[in-house]
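1. Kindly return the folded structure for what I paste below:
(chains A and B)
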Amino acid sequence: MSLRPSGAFWPSALKQLWLPVLCVAGLLLGTAGSTSFYFPPATDVLATLWRELVHDGLAADLLFSLRNIMVGLAIAIVAGVGAGLVIGETELLRQATTPLLDFARATPTVAFVPVIILTLGIGSGPKIFLIALGSVWPILLNTVSGVHGINPAVHETTRSYRIPVRLRLLKVVLPGALPQIFAGIRVALSIAVVLMVVSEIYGSPVGLGNFILQSGSGFAVPEVWAGTVLIGILGYGLSVLLLAAEYVLLGWYHERPPRNRRARSLPRNEVTTS
Amino acid sequence: MAMSTMRGRRAADRVSLTSREGRKGPGRRGLFLLQLSAVMAVLLIWAVITAAGFVSSTALPGPLSVFGRFPGLLGSDAYWQAVGDTLGGALTGFLLAVVFGVPLGLVTGTYAVAEQSSRLLVDVLRSFPVIALLPVFLLVLGSTPAMKSTVVFLACVFPLFLQAQYGARSVPPMIAETVHGYRVPRLLRFRRVVLPSATPSIMTGLRLAGTTSVLVAIGVEVLTTLPGIGHEVVQAQQGGASASAYAYILTAGAIGYAINLLSQFAEMRLLRWRRLRHTD
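-> Predicted coordinates for the structure are as follows:
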């Protein structure tokens, strides 16, 4: 709605930035020279983060976590979109599986963490499995609903022109469902990050979760904060990357400015997970 | 006029419903049987997989042994205690998040300046995986039920805030300008204009936050020694009772499913005047 003219860049940037800058400044000043054990100065935390990343093993932890998320999410996307296309295209199957999928989606995957890790071990395989298991449901459900939501007229047209199935799936159904699929992937990403952290805190010799757990049990408070900040950066960075990918891939779909689009996407993806 | 449009809409709903049934034809009863057979098929596949020994019975016990645990569990106090602990922690955090998130979202959604100022901050904070703060909270607050509620609160407040904000922004510009032009008092405007148009979106936020609250509560229990469903899963699995662990996992699923159904029901009752966008 409030699409700003491109000339008014500075006022709008100022409007958006004053509060974050104020918060960061407040954090820096408020904790400067802090002697509190639990809340070390923010500069110390950042220094610790830098030191751990560059000199100690934190970079390896970061890579381990990042790889697990990427692989798990990739599996979930492939499986979720594939199964979603099939289920969404077959009306009978869609109706039959609705309660099952809703139940699966409502089951908190974190409850599987002890079961999977205690039986399958603490390596990265079980973690990837957990991440894929948790993040497949929103993608699957959104694909189903995206496919189902395609205008029936489009279907009839492709049918009457006898467009081959493969072509129809790739050129009609998949693009039509893509906006919803992306909304699902965005939900899946946040689930994946949570599962990454939980599975690594629960049982792992490496990873960011393990790093903050180890630091925490050693009462190395700046390290705990540094690891936490890094996980936050990771979560935010991944979601920004995803938005960028969506911006490129779905340029044809959103002619609205990205801000409105993002605001819309939350209810849209939730509509399908009901 | 409002009445007539409402009736018109409901009639339209009915028409679309019947036409949909007419097209596919399984009917209500047929649909139920169809869904039941799908559930049965999944249970059967599960039974076959475990019976054939593809996976060890500690990783995945058969459906019979899992469901066989339920009579014993349902009669035990420990089970209900665990369910109560999880729900209690989830509900406290959830309600706190409603109290803070919804009004703040409505205010920032109504005033563009507030929304623009907070956008970047909220964007960064909401993509933060709250569960990563757990070690910090363990240090600062210790392993207490209050800590569990705090983590749940932090996880739930952002979806609620964003949905309320989005809802408040969805007031049609023409109506917003009319209200502005007639200088409708602020409180009245909130009650009569902003709130009704934001309600559907807020309901979505409530549903999102509802499932999140249980998820996070269980996550905290898995990772700490706090009592609840998550803790019971860990205990059962470590004690070699996988079937009980799965029974608790299914309980967690049932709770999540029930929250979804309840919120759908509430939405239908509360928003009868508005057409549901997701009837199926």
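2. Can you find the helix or strand in chain A with the smallest mean pLDDT?
-> The weakest-scoring helix or strand in chain A, judged by mean pLDDT, DSSP states H and E, is helix A:258-273 (a mean of 41).
3. Surely B:Val151 and B:Val136 touch.
-> No: using CB atoms under 8 Å, B:Val151 is not in contact with B:Val136; the gap is 10.1 Å. Placement of C-beta: from N, CA and C, glycine included.
4. Looking at these two, which one has more neighbours?
-> B:Val151 (23 against 18; other CB atoms under 10 Å in any protein chain shown).
5. mean confidence score for the host helix or strand of B:Leu160?
-> Of the helices and strands defined by DSSP states H and E, B:Leu160 is found in helix B:145-169. The pLDDT scores in helix B:145-169 average 92.
6. And that helix, what does it pack against?
-> helix A:258-273, helix B:77-110, helix B:112-126, helix B:134-140, helix B:195-223 (3 or more CB pairs under 8 Å, 6 or more residues apart in numbering or on different chains; DSSP states H and E).
7. Show me how far the shortest one is from its chain's centre.
-> Distance, stretch centre to chain centre, for helix B:134-140: 25 Å (CA atoms, centre = their mean, to the nearest Å).
8. Can you list the buried residues in that helix?
-> B:134-139 (16 or more other CB atoms under 10 Å in any protein chain shown).
9. quick one: which helix or strand includes residue 240?
-> Answering for chain A, as no chain was given. helix A:221-249.
10. I was after chain B.
-> Using DSSP H and E, B:Gly240 sits in no helix or strand.
11. Give the buried residues for the helix holding B:Leu160.
-> By neighbour count on 16+ other CB under 10 Å, the buried set for helix B:145-169 is B:145, B:147-169.
12. what's the next secondary structure element after that helix?
-> Immediately after helix B:145-169, counting by DSSP H and E, sits helix B:173-181.
13. And A:Val136, how far from B:Leu250?
-> Computed as CB to CB, to the nearest Å, the A:Val136 to B:Leu250 distance reads 18 Å.
14. pretty sure B:Val222 contacts A:Val198?
-> Yes: contact status for B:Val222 versus A:Val198: in contact at 6.6 Å, counting by CB under 8 Å.
15. which neighbours do those two share?
-> Contact criterion CB atoms under 8 Å, 6 or more residues apart in numbering or on different chains; residues shared by B:Val222 and A:Val198: A:110, A:113.
16. where does the chain have low pLDDT?
-> Using chain A here. Chain A contains residues with pLDDT under 70 at A:1-7, A:254-274.
17. wrong one, chain B
-> Across chain B, the ranges flagged by pLDDT under 70 are B:1-26, B:273-280.
18. quick one: the residue most central in space within it from A:Val136, how far?
-> Centroid check for chain B by CA atoms, centre = their mean gives B:Thr211 as the closest residue, at 2.8 Å. Counting by CB to CB, the separation of B:Thr211 from A:Val136 is 16 Å.
19. cool, and A:Ser145?
-> Applying CB to CB, the value for A:Ser145 to A:Val136 is 15 Å.
20. go on, B:Ala198?
-> 32 Å.
21. A:Leu167 too?
-> Relative to A:Val136, A:Leu167 is positioned 27 Å away (CB to CB).
22. Have a look at these two and say which one is more surrounded.
-> Ranked by neighbour count (other CB under 10 Å), A:Leu167 and A:Val136 place A:Val136 first, with 27 against 10.
23. didn't the more buried one look like it was pressed against A:Gly80?
-> Yes: applying CB under 8 Å, one finds A:Val136 in contact with A:Gly80, separated by 4.6 Å.
24. what sits against the nearest residue to B:Ala176 once chain neighbours are set aside?
-> Once flanking residues are discounted, B:Ala176 sits nearest to B:Val193: 7.6 Å by CB to CB, 6 or more residues apart in numbering or on different chains. Neighbouring residues of B:Val193 by CB under 8 Å, 6+ apart: B:171, B:175-176, B:179, B:184.
25. go on, B:Leu215?
-> With contact set as CB under 8 Å, 6+ apart, B:Leu215 has these partners: A:108, A:110, A:194, B:155, B:256.
26. Quick one, which of the residues you listed are buried?
-> Listed as buried from the contacts of B:Leu215 are A:108, A:110, A:194, B:155, B:256; burial here means 16+ other CB under 10 Å.
27. where does the last one land in three-state SS?
-> This means B:Gly256. Using DSSP: H, G, I helix; E, B strand; the rest coil, the structure places B:Gly256 in helix.
28. and the angle from the helix holding B:Leu160 to helix B:173-181?
-> Here helix B:145-169 runs at an angle of 90 degrees relative to helix B:173-181 (axes from the mean of the first three to the mean of the last three CA atoms, to 10 degrees).
29. Show me which parts of the helix holding A:Val240 are buried, residue by residue.
-> Neighbour count says helix A:221-249 has A:221-232, A:234-236, A:238-239, A:242-243, A:246 buried, by 16+ other CB under 10 Å.
30. ok, which of those residues also contact chain B?
-> By CB under 8 Å from any CB of the partner chain, the members of the buried residues of helix A:221-249 lying near chain B are A:221, A:224-225, A:227-228, A:231-232, A:235-236, A:238-239.
31. Dump these to JSON lines, plus distance to A:Leu118.
-> As requested, these are exported to JSON lines (distance: CB to CB, whole Å):
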{"residue": "A:Val221", "distance to A:Leu118": "30"}
{"residue": "A:Val224", "distance to A:Leu118": "25"}
{"residue": "A:Trp225", "distance to A:Leu118": "30"}
{"residue": "A:Gly227", "distance to A:Leu118": "24"}
{"residue": "A:Thr228", "distance to A:Leu118": "26"}
{"residue": "A:Ile231", "distance to A:Leu118": "24"}
{"residue": "A:Gly232", "distance to A:Leu118": "29"}
{"residue": "A:Gly235", "distance to A:Leu118": "27"}
{"residue": "A:Tyr236", "distance to A:Leu118": "32"}
{"residue": "A:Leu238", "distance to A:Leu118": "28"}
{"residue": "A:Ser239", "distance to A:Leu118": "31"}
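32. What is the most widely separated pair among those?
-> Across these, no pair lies farther apart than A:Val221 and A:Ser239, at 27.4 Å, counting by CB to CB.
33. Does whichever residue of the stretch 151-274 of chain A sits closest to chain B belong to a helix, a strand or coil?
-> The nearest approach of the stretch 151-274 of chain A to chain B comes at A:Gly216, 3.7 Å away (CB to the nearest CB). Of the three states, A:Gly216 takes helix under three-state DSSP.
34. show me the residues around it that make contact.
-> A:224, B:135-136, B:138-139.
35. could I get these as JSON lines with distance to B:Gly240?
-> Listed next are the contacts of A:Gly216 as JSON lines, based on distance: CB to CB, whole Å:
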{"residue": "A:Val224", "distance to B:Gly240": "33"}
{"residue": "B:Pro135", "distance to B:Gly240": "29"}
{"residue": "B:Val136", "distance to B:Gly240": "33"}
{"residue": "B:Leu138", "distance to B:Gly240": "28"}
{"residue": "B:Leu139", "distance to B:Gly240": "32"}
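36. Many thanks, we can stop here.
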